[in-house]
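Engineer: Quick check, what structure comes out for this input:
(one chain, ligands or ions: 1)
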Amino acid sequence: MLPYFPFDQQFNNKMGTSFLLETDPLIEVDELQYLSEIALKHQLLSDLPTYYFQSLPGYETAQWDVVDLVLHDLVRFSPNQFSLDQIGDRWQWINRLLNEETTFTFGDATTLPLAPLDWIGRQVQEDLILLAGPESRLVAGQLCFANDWCLDEKLGLPFWQIHAPITPIVEPMMRAAQTLMERLPIGRSVWRANWSVKISNQLDMTCRHAQTLRQLLTDRLPAMTPSTIGEELYVRIERQTLTRLPRSGAVLFGIHTYQNLLANEAADPDRARCMAAVFSTTPPAMLAYKSMTDFLPLLLTYLRNQMALNPIIL
Ligand code: HEM
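Structural biologist: Numbers count the residues shown, from 1 in each chain. Sure thing, here's the model as predicted:
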């Protein structure tokens, strides 16, 4: 089952953000998927390095901020898997899951094999994005598992422009999010969960796959029925975190993607009921944005059948 399930009584037009608790990790290590997802990142970054990692010049301090934050979070929450020894600026990092050891001088990029953000991104399953300046521009990122966007499209854009396609649909939410970006204090991370329903469970849904995925949906739609749809669609959840970084003042946006076959989630009658309640109240423009319009009637019939098979006993 998905570890996060942001479905309840109806479509939520609020940001859905909460402060992370002291006891909550910023970075989540999902050990079942860790090795395969890190291997996939390596593969993508080796095939198309400048597609999956980009940085504008002048944001090295922010990249080191991320190294500092992420390594300390990993050792704090997974001390058996990771360790960090610091003697002055000389840091020794051990990642036992990858069987890797790295020694470097903190703040000196020549001592790491890759740019600091590119290196740290390969230690974690999260995509890592940096936003900086008064307009919260996207200034750097390692983005391998994006849901329908890519760095080529968004690098250098301010927060409001990044969201231009959806702002008319959820304008109050995006205005609140803009204010949050401006006022987020150092040391208090926030998180939210985002959802979508997809035709594939491939993690890398960056723009270069958009055409193929659209075609896959078009090809499969005619044969889809309420009795097959549960096995054909996937629920995709992003755990998103936002953290103001102490040295640079930039904001780290972390995205951990989880997905599960729809049938596995809808086997739980409460989950089927909540998904039906949310999908049936989502504004049509948002459903269209999420490419759900064509299969929505089938999806709702399927979810209602699941609820009927497993009625709540009052
Ligand atoms: C509290 C903060 C945020 C909120 C409430 C928010 C909300 C949303 C919503 C509602 C969508 C529509 C997609 C969907 O619901 O599946 C979206 C899409 C998106 N968000 Fe955010 N977001 C936030 C932060 C960020 C940040 C920091 C970035 C940094 C890059 C970002 C990048 C994007 C991108 C690239 C898209 C896709 C836009 C497109 O289709 O071109 N979001 N966001």
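Engineer: And the closest residue to R96 other than its chain neighbours, its phi and psi?
Structural biologist: Leaving aside its chain neighbours, R96 sits nearest to Q81 (5.2 Å; criterion: C-beta to C-beta, 6 or more residues apart in numbering). C-betas here are computed from N, CA, C, even on glycine. Main-chain torsions, Q81, degrees, to the nearest 10: phi -90, psi -30.
Engineer: contacting residues for Q81?
Structural biologist: Under the criterion of C-beta atoms under 8 Å, 6 or more residues apart in numbering, the contact partners of Q81 comprise V29, E31, L74, N95, R96, L97.
Engineer: And for Q178?
Structural biologist: With contact taken as C-beta under 8 Å, 6+ apart, Q178 is in contact with S136, F159, W160.
Engineer: where does it fall, helix, sheet strand or coil?
Structural biologist: In the three-state summary, Q178 is assigned as helix, counting by DSSP: H, G, I helix; E, B strand; the rest coil.
Engineer: Can you pull the residues of the stretch 1-150 of the chain lying near the ligand?
Structural biologist: By C-beta under 6 Å from any ligand atom, the part of the stretch 1-150 of the chain that sits against the ligand consists of M15, T17, I129, L131, L138, D148, W149.
Engineer: In PyMOL, select just the buried ones from the contacts of Q178.
Structural biologist: In PyMOL, the members of the contacts of Q178 classed as buried (16 or more other C-beta atoms under 10 Å) are selected with the following command:
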select buried, resi 136+159
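Engineer: So for the residue nearest to R96, what's the pLDDT?
Structural biologist: For Q81, the model assigns a pLDDT of 98.
Engineer: how near is it to the ligand?
Structural biologist: Taking C-beta to the nearest ligand atom, to the nearest Å as the measure, Q81 and the ligand are separated by 28 Å.
Engineer: hmm, back to that, so which of the contacts of Q81 comes closest to D108?
Structural biologist: Looking at these and their distance to D108, the nearest is N95, at 20.2 Å (C-beta to C-beta).
Engineer: What segments of the protein are strands?
Structural biologist: Assigned by DSSP state E, the strands in the chain fall at 18-19, 53-55, 82-87, 90-95, 100-105, 127-132, 137-142, 190-198, 234-244, 251-261.
Engineer: how about those in CSV, adding mean neighbour count and distance to D294?
Structural biologist: As requested, the strands of the chain are exported to CSV (neighbours: other C-beta atoms under 10 Å; distance: least, C-beta to C-beta, whole Å):
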stretch, mean neighbour count, distance to D294
strand 18-19, 12, 33
strand 53-55, 22, 33
strand 82-87, 14, 44
strand 90-95, 17, 43
strand 100-105, 14, 45
strand 127-132, 23, 28
strand 137-142, 24, 31
strand 190-198, 19, 11
strand 234-244, 21, 16
strand 251-261, 21, 19
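Engineer: Y234 and L217: what is the separation?
Structural biologist: Remark: distance between Y234 and L217 (C-beta to C-beta, to the nearest Å) = 12 Å.
Engineer: Residues in contact with both of the two, list them for me.
Structural biologist: Each of I199 lies in contact with both Y234 and L217 under the rule C-beta under 8 Å, 6+ apart.
Engineer: Okay, now the unreliable bits of this protein?
Structural biologist: The model of the chain has pLDDT under 70 over residues 310-314.
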